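Visitor: this one's sequence-less:
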DNA sequence: TTCGACTTACTTAGTGCTCGGTAAGCGAAT
DNA sequence: ATTCGCTTACCGAGCACTAAGTAAGTCGAA
């Protein structure tokens, strides 16, 4: 209605149609992620996503092709976050990475939805023919490789005892963090994720350095 | 057709109608558990369960009331298995319990379906109003209490270092075992659950005794 | 011991609703 | 003139669940 709403090319206040559509897509992904976290992929209908996003169902499908396409878009976006964190970690010295764990937990706590999304989607992707299966397999392998690499370099630097298998320990570390997160999501009153991860970080430090 | 098919009261070869129905119910629960493990609770339809069980959909509902009732029956039955294991563990001396972990993993490996069922259902029960939520909250609290109790008694017996918090360590142990199981279910080729749990049992022993 | 009332374990048929997805078209932007 | 970002209208299939009935089994009273 106001003049500012009129399209003015090359002005930051008047984004192109493409740009507006991209933003819309982004909004839809955020909304879908919330719903997938709450009710799972299978438990969420396109109609629900469409209603919350203020769009029609076919409007949704215009952007994502089909329901699995929407899931993959959600996963991809969540991955960007994860990647940013991984890069941040890799930018630190190996010794500092351990100390960053509780900070990671603290950050995750503020975004419980994202954590829940991850937990729910992994469980729904256990079967080999599930839409996200391959993605999560790849992702976990990459995570283990990164953590194992960190351990290996810490061993070479003499910061970590030589007697442990980096791959096995990597799986164990990721398992513990995932498992604590699940217990916290299920019963936040009984399990405080930050305290639990802090406690585990101490366990881990003793373990890695050999008491 | 044969005389043995005729109802003969008080004969083992001719179970009462009640008994036959109970067996039928049991069969249905096993079938439903398989499907829930593969496709999740939400991803499984009553029609699928009914078809595999060779019964009609309303026939199913006659036994379980509604879909959530079927889920609860499945969970309850799975619990009986878990309880048997817990009792077995509690029958051992605290020091022996640690050594039993890999055996537990080995046994679980043969029953991957049961493990998958558990992982999938927990994820689907994270939301407070999910049909199985309360059950799993209670169950995890009980598990933590049992493990914490074991640690505490081991501390009192001088087998375990005094400096650790039994509740926190219990959550951590359960988290690690759960997390390893999830990684194995997702990618059995990359993660061997038995080796991983054996390795963790050694980690844990060092941790508990204080190296 | 037999008979009739009741219960149990289902079935057939069908409910209203929701599901993911498609076809066709429209108006505005490019 | 064409493409883009949508909408309206619609589809068949599948969903959990219900109503009503049936045949067989169970059981108490005559």
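Guide: In hand now; what should we look at? Note that the structure is a prediction, hence the values are computed from the model and not measured. Residues are numbered from 1 along each chain as shown, chains lettered A, B, ... in the order given.

Visitor: Tell me who's in contact with residue A:100.
Guide: A:88, A:89, A:92 (C-beta atoms under 8 Å, 6 or more residues apart in numbering or on different chains). Any C-beta I mention is one placed from the backbone N, CA and C, and that applies to glycine too.

Visitor: The host helix or strand of it: what's the following helix or strand?
Guide: If you go by DSSP states H and E, residue A:100 is part of helix A:94-110. Next along the chain after helix A:94-110, taking DSSP H and E as the criterion, comes helix A:112-124.

Visitor: mean confidence for whichever helix or strand comes after that next one?
Guide: Downstream of helix A:112-124, the first helix or strand assigned by DSSP H and E is helix A:133-156. Helix A:133-156 comes out with an average pLDDT of 94.

Visitor: neighbouring contacts of stretch A:109-127?
Guide: So stretch A:109-127 is contacted by A:33-34, A:36-38, A:40-42, A:71, A:74-75, A:78, A:81, A:108, A:130-133, A:135-136, A:178, A:181-182, A:185, A:193-194, B:38-40, B:43, B:116, B:119-120, B:122-124, B:126, B:182, B:185-186 (C-beta under 8 Å, 6+ apart).

Visitor: Repeat the analysis, applying 6 Å as the threshold.
Guide: A:33-34, A:36-37, A:40-41, A:108, A:132-133, A:136, A:181-182, A:185, A:193, B:38, B:116, B:119-120, B:123, B:126, B:185-186 (C-beta atoms under 6 Å, 6 or more residues apart in numbering or on different chains).

Visitor: so which of the contacts of residue A:100 is the most crowded?
Guide: residue A:89 (17 neighbours; other C-beta atoms under 10 Å in any protein chain shown).

Visitor: Buried residues in the helix or strand where that residue lies, which are they?
Guide: Take DSSP H and E as the rule and residue A:89 turns out to sit in helix A:67-90. By neighbour count with 16 or more other C-beta atoms under 10 Å in any protein chain shown, helix A:67-90 contains the buried residues A:67, A:70, A:71, A:72, A:73, A:74, A:75, A:77, A:78, A:89.

Visitor: which parts of chain A sit against DNA strand C?
Guide: Applying C-beta under 7 Å from any atom of the strand, we find that chain A lies next to DNA strand C at A:7, A:9, A:16-18, A:44-48, A:57-58, A:61, A:66-68.

Visitor: tell me the contacts of the residue of chain A found nearest DNA strand C?
Guide: Distances between chain A and DNA strand C by C-beta to the nearest atom of the strand are smallest at residue A:45, namely 2.8 Å. Neighbour list for residue A:45: empty [criterion: C-beta under 6 Å, 6+ apart].

Visitor: Give me the phi and psi angles of it.
Guide: According to degrees, to the nearest 10, the main-chain angles of residue A:45 amount to phi -100, psi 150.
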